[in-house]
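Participant: Just a sequence and a predicted model for now, questions to come.
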Amino acid sequence: MLSGCKPRSIYARVLIAHSPGSRPTEERSANPIASCLGVQPEVPLPSHPIPICHTPPMPGSKRDWLDKTYGPAVRRNPERDTPFETSSGQPVEPLYTADDLSPATDPGLPGEYPYTRGVQPTMYRGRLWTMRQYAGFGDAEGSNARYRYLISQGQTGLSVAFDLPTQIGYDPGHPLAAGEVGKVGVSISSIDDMETLFRDIRLDTVTTSMTINATASILLALYVAVARRQGSDLRRLSGTLQNDILKEYIARGTHIFPPRPSLRLITDVFAWCKTALPEWNTISISGYHMREAGSTAAQEVAFTLSNAVAYVEAARSAGLAVDEFAPRLSFFFACHSLFFEEAAKFRAARRLWARIMKDRFGARDPRSLMLRFHTQTGGATLTAQQPENNIVRTAYQALAAVLGGTQSLHTNAMDEALALPSEDAARLALRTQQVLAYETGVADTIDPLGGSYYVETLTGQVEDEARAYIEHIDSLGGALAAIEQGYQRGQIEENAYRLQKSLEDGRRVVVGVNAFGEELQPGVLLLRVDEAIEKRQVERVHALRQTRDPAPAATALDRIEAAARGTDNLMPLFIDAVEARATLGEICDRLRLVWGEQANFNMT
């Protein structure tokens with residue numbers, strides 16, 4: 001932007017209205033650009049700010065256009081009375097030109113540092129993104145049938161959703177598991193369940209993502225044990241473990257143990273997979289759940305990357321060299337509906353992470369600098385009202401993710417605001433990706449939004465905002481210390497309130513919710529989890545304990561408890577235990593004895 005012409009925020013307008021010597025607010029123009037554009041106070045003006053000009057504009061410049069072309073147009077036809085702003089509340093200007101770009105703006109080239117335009121030189125011209133539909137419900141038999149169906153329909157990767165008892169380390173039959181078995185994902189307690197889940201699916205021929213955190217290392221042990229039973233080469237196993245406990249303390253709440261032993265479990269996975277599972281992504285550092293809870297795009301990037309910094313520091317403290325584990329780090333973001341900001345967000349995250357890894361941690365392996373990420377379209381943007389509208393929302397969000405350079409993608413089903421996806425809805429969500437990939441041409445050239453004045457400006461803006469948050473978190477003592485002080489959670493809740501208020505007062509329109517509603521809503525055929533599944537799962541756990549050889553299971557559990565008190569890597573012991581048919585709940589109970597449980601952190 002030219003010198004002498006600087007943007008004014010909504011706060012600057014307040015300062016102008018109340019500055020010493022100024023006329024009372026009600027006597028001034030409703031918009032501080034009135035004098036710049038020559039607009040009379042009685043003419044309605046847009047509520048969003050655009051640049052304040054202090055020096056005469058250069059002919060042909062953006063400022064000249066604002067004065068001579070845009071101003072008269074606004075006088076004749078005022079802009080819509082709607083907030084033109086980013087998810088952070090920052091103003092969106094009516095036009096972006098080269099004047100808005102920083103002199104240092106250079107998006108670079110794909111496959112080259114700092115990877116703004118993509119981590120691979122060929123991007124989708126070489127290989128399309130992985131189409132990975134998140135699925136899991138009821139018991140292992142039902143979920144296995146859904147996986148095989150999705151593979152038959154062209155899905156290129158599996159993504160496993162686990163139920164709440166599995167996520168927080170309880171077997172079916174535990175009092176705290178009552179009513180939740182199989183409801184929001186598949187119920188997995190033992191190697192028998194895991195083997196059924198992947199029946200007729202060779203684990204060395206598919207990539208599998210597992211959305212699991214507090215019990216991630218135990219679920220990975222179960223996956224490895226099944227692969228061994230299948231005779232798979234472990235060095236060929238490919239997939240991703242979410243394994244991101246810090247965001248659970250911030251936004252999701254399915255943690256079990258205090259942070260420090262939880263971080264130990266994560267670094268144990270890093271260390272063990274380095275040689276045993278070299279193709280496995282050992283963590284998917286997730287902004288998705290924080291965005292769903294109400295964060296801005298910039299907060300999503302900042303809080304995700306500050307958590308990632310904490311994981312890198314924990315791994316280095318455990319004796320791992322950065323280039324030994326960083327190439328297998330991966331990330332997970334949401335994609336919401338502010339189309340251009342979302343595409344810019346992904347570009348900004350890549351650039352910022354590359355700079356952090358190079359400048360802060362001295363990484364030398366180019367793979368350590370590459371932010372590779374999975375995207376899921378915004379679950380929080382889905383509506384129960386007029387659910388067919390969700391098909392459209394998801395399609396636009398998927399397009400933004402692809403234009404932002406995602407490595408894999410889940411598209412939400414139209415009925416997910418109401419229930420787990422039905423088979424028809426899941427198929428349509430997959431078809432949305434396939435149409436995008438094969439019919440639109442968006443994958444034919446790399447980073448087609450690169451060079452757009454608007455997108456490049458947004459990319460820099462998101463990066464700058466995110467960096468400021470990260471620096472503040474560093475000043476608080478790092479991500480863990482900030483979590484313990486409730487900082488990230490407080491920031492997210494504040495923005496969530498702002499979003500909800502804007503919906504309720506009508507400033508933000510959600511089609512079918514607070515505008516364009518219908519009295520009669522069409523019925524939707526929903527998936528219902530059979531209530532009898534919980535009873536069957538309880539009986540299976542009981543039968544397993546009755547039929548297994550008790551001595552090897554007891555010995556394996558004793559060794560886990562002893563190791564939890566020391567420093568030995570727990571991954572080999574978890575594998576031994578699940579192969580001895582110890583259950584997930586039994587393993588977690590031993591860890592609870594040693595480490596205790598963590599309540600939610602309070603905001604300060």
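Facilitator: Great, that's in hand.

Participant: Could you use CA atoms for every contact and neighbour count after this?
Facilitator: OK.

Participant: quick one: the longest helix seen in the chain to chain centroid distance?
Facilitator: Longest helix in the chain by number of residues (criterion: DSSP state H): helix 453-475. Centroid separation between helix 453-475 and its chain, computed with C-alpha atoms, centre = their mean, to the nearest Å, is 17 Å.

Participant: Over to stretch 580-593?
Facilitator: The answer for stretch 580-593 is 29 Å, by C-alpha atoms, centre = their mean.

Participant: Check which helices and strands the longest helix of the chain sits against.
Facilitator: Under the contact definition 3 or more C-alpha pairs under 8 Å, 6 or more residues apart in numbering; DSSP states H and E, helix 453-475 sits against helix 297-317, helix 339-355.

Participant: Next, the angle from that helix to helix 297-317.
Facilitator: Put simply, helix 453-475 runs at 50 degrees to helix 297-317, going by axes from the mean of the first three to the mean of the last three C-alpha atoms, to 10 degrees.

Participant: Give me the residues contacting helix 453-475.
Facilitator: 95-98, 100-101, 105, 107, 297-299, 301-303, 305-306, 340-341, 343-345, 347-349, 351-352, 449-450, 479, 482 (C-alpha atoms under 8 Å, 6 or more residues apart in numbering).

Participant: Would you mark the buried spots in that helix?
Facilitator: 453-467, 469-470, 473-474 (16 or more other C-alpha atoms under 10 Å).

Participant: any idea which helix or strand comes after that helix?
Facilitator: Downstream of helix 453-475, the first helix or strand assigned by DSSP states H and E is helix 479-484.

Participant: Only the buried residues of whichever helix or strand comes after that next one, if you could.
Facilitator: Once the chain leaves helix 479-484, the next helix or strand it forms, by DSSP H and E, is helix 487-504. Neighbour counts over helix 487-504 (16+ other C-alpha under 10 Å) mark 487-490, 492-493, 495-496, 499 as buried.

Participant: Tell me the one among those residues nearest to V74.
Facilitator: Within the buried residues of helix 487-504, the smallest distance to V74 is 28.0 Å, found for L499 (C-alpha to C-alpha).

Participant: The closest one: what's its closest spatial neighbour, skipping adjacent residues?
Facilitator: Nearest in space to L499, with sequence neighbours left out and distances taken as C-alpha to C-alpha, 6 or more residues apart in numbering, is G294 at 7.6 Å.

Participant: cool, F333 as well?
Facilitator: Excluding its sequence neighbours, the residue lying closest to F333 (C-alpha to C-alpha, 6+ apart) is Y288, at 4.5 Å.

Participant: Tell me the pLDDT of that neighbour.
Facilitator: You'll see Y288 listed with a pLDDT of 97.

Participant: Identify the residues contacting it.
Facilitator: 300, 332-334, 376.

Participant: Distance check, it against L573.
Facilitator: 31 Å (C-alpha to C-alpha, to the nearest Å).

Participant: Now for this structure, the helix or strand with the poorest mean pLDDT.
Facilitator: helix 10-17 (a mean of 28; mean pLDDT, DSSP states H and E).

Participant: before we move on, back to that, who wins for neighbours among the contacts of Y288?
Facilitator: F333 (31 neighbours; other C-alpha atoms under 10 Å).

Participant: I'd guess that residue is in a strand, am I close?
Facilitator: Yes - checked against DSSP: H, G, I helix; E, B strand; the rest coil, F333 lies within a strand.

Participant: Report the two of the contacts of Y288 separated the most.
Facilitator: Pairwise over the contacts of Y288, using C-alpha to C-alpha, the maximum falls at E300 and Q376, 13.5 Å.

Participant: between the two, what contacts are shared?
Facilitator: The contact lists of E300 and Q376 share 288, 333, where a contact means C-alpha under 8 Å, 6+ apart.

Participant: Please enumerate the helices of the stretch 1-150 of the chain.
Facilitator: 10-17, 34-37, 62-65, 71-76, 140-152 (DSSP state H, counting those that start in this stretch).

Participant: Tell me who's in contact with P261.
Facilitator: W595.

Participant: and the next element down the chain from whichever strand or helix holds it?
Facilitator: Using DSSP H and E, P261 sits in helix 259-276. Remark: after helix 259-276, the chain's next helix or strand is strand 280-281, criterion DSSP H and E.

Participant: Which neighbours in the sheet does the helix or strand that comes right after that following strand have, and how are they oriented?
Facilitator: Following strand 280-281 in sequence order, the next helix or strand is strand 283-286 (DSSP H and E). With DSSP bridges as the test, strand 283-286 is paired with strand 329-335 (parallel).

Participant: hey, C-alpha coordinates of the partner strand in CSV?
Facilitator: Extracted as CSV, the C-alpha positions of strand 329-335 are listed here (Å, rounded to 0.1, in the frame of the first residue of the first chain):
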residue,chain,number,x,y,z
LEU,A,329,5.0,-34.8,11.4
SER,A,330,1.7,-34.0,9.8
PHE,A,331,-1.1,-31.6,10.4
PHE,A,332,-4.9,-31.4,10.3
PHE,A,333,-7.0,-28.4,9.6
ALA,A,334,-10.6,-27.4,9.1
CYS,A,335,-11.9,-25.7,6.0
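
Participant: Measure how far stretch 222-236 is from the centre of its chain, please.
Facilitator: 28 Å.

Participant: Flag every buried residue along it.
Facilitator: 222-227, 230, 232, 234, 236.

Participant: Pick the one among those closest to R393.
Facilitator: The closest of the buried residues of stretch 222-236, once distances to R393 are taken by C-alpha to C-alpha, is Y223, at 34.4 Å.

Participant: Three-state assignment for the closest one, please.
Facilitator: Classified using three-state DSSP, Y223 is helix.

Participant: Great, nothing more from me.
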